[in-house]
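Trainee: Here is my input, please return the structure:
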Amino acid sequence: MDIADHNKYEGLRSRTITNTRYIDTEVLDVLGISDDVEYLFARLGWHDFMFTRWPMYPRLVCEFFSSLRVEGILSGHHVDTGRITYRFKHIEYCLTLAEFNGIFDLPV
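Mentor: Residues are numbered from 1 along each chain as shown. Purely as a prediction, here's the structure:
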């Protein structure tokens, strides 16, 4: 990690990083609307989101964002010419933006 990345890391580390907010299924049950909300989310194609719980790791978030570099074309037909580099668990990664977007199911 170079000094610039270290300084970014320390700056990010001092910020509050919070988990993604989740649907409180217990409250939905108490309100008697659990089935309706589940039906709505299924119709929207968000059914998996309703029940997914992702843990959050502040150190890894800081490491990723402090090392993130995006170069080149970000969208369109030439997205393969764009590159993204980042560090995760002390390992450097370099991908085309199309590869990165494919991993996270982001639009190209």
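Trainee: What residues does the closest residue to Arg83 other than its chain neighbours make contact with?
Mentor: Leaving out its chain neighbours, the residue that sits closest to Arg83 by CB to CB, 6 or more residues apart in numbering is Glu71, at 5.0 Å. All C-beta spots, glycine's among them, are computed from the backbone N, C-alpha and C. Residues in contact with Glu71, defined by CB atoms under 8 Å, 6 or more residues apart in numbering, are Gly82, Arg83, Ile84, Thr85.
Trainee: how close does Cys94 sit to Ser66?
Mentor: According to CB to CB, to the nearest Å, Cys94 stands 16 Å off from Ser66.
Trainee: Neighbour count: the two, which is higher?
Mentor: Comparing Cys94 with Ser66 by other CB atoms under 10 Å, the one with more neighbours is Ser66, at 20 against 11.
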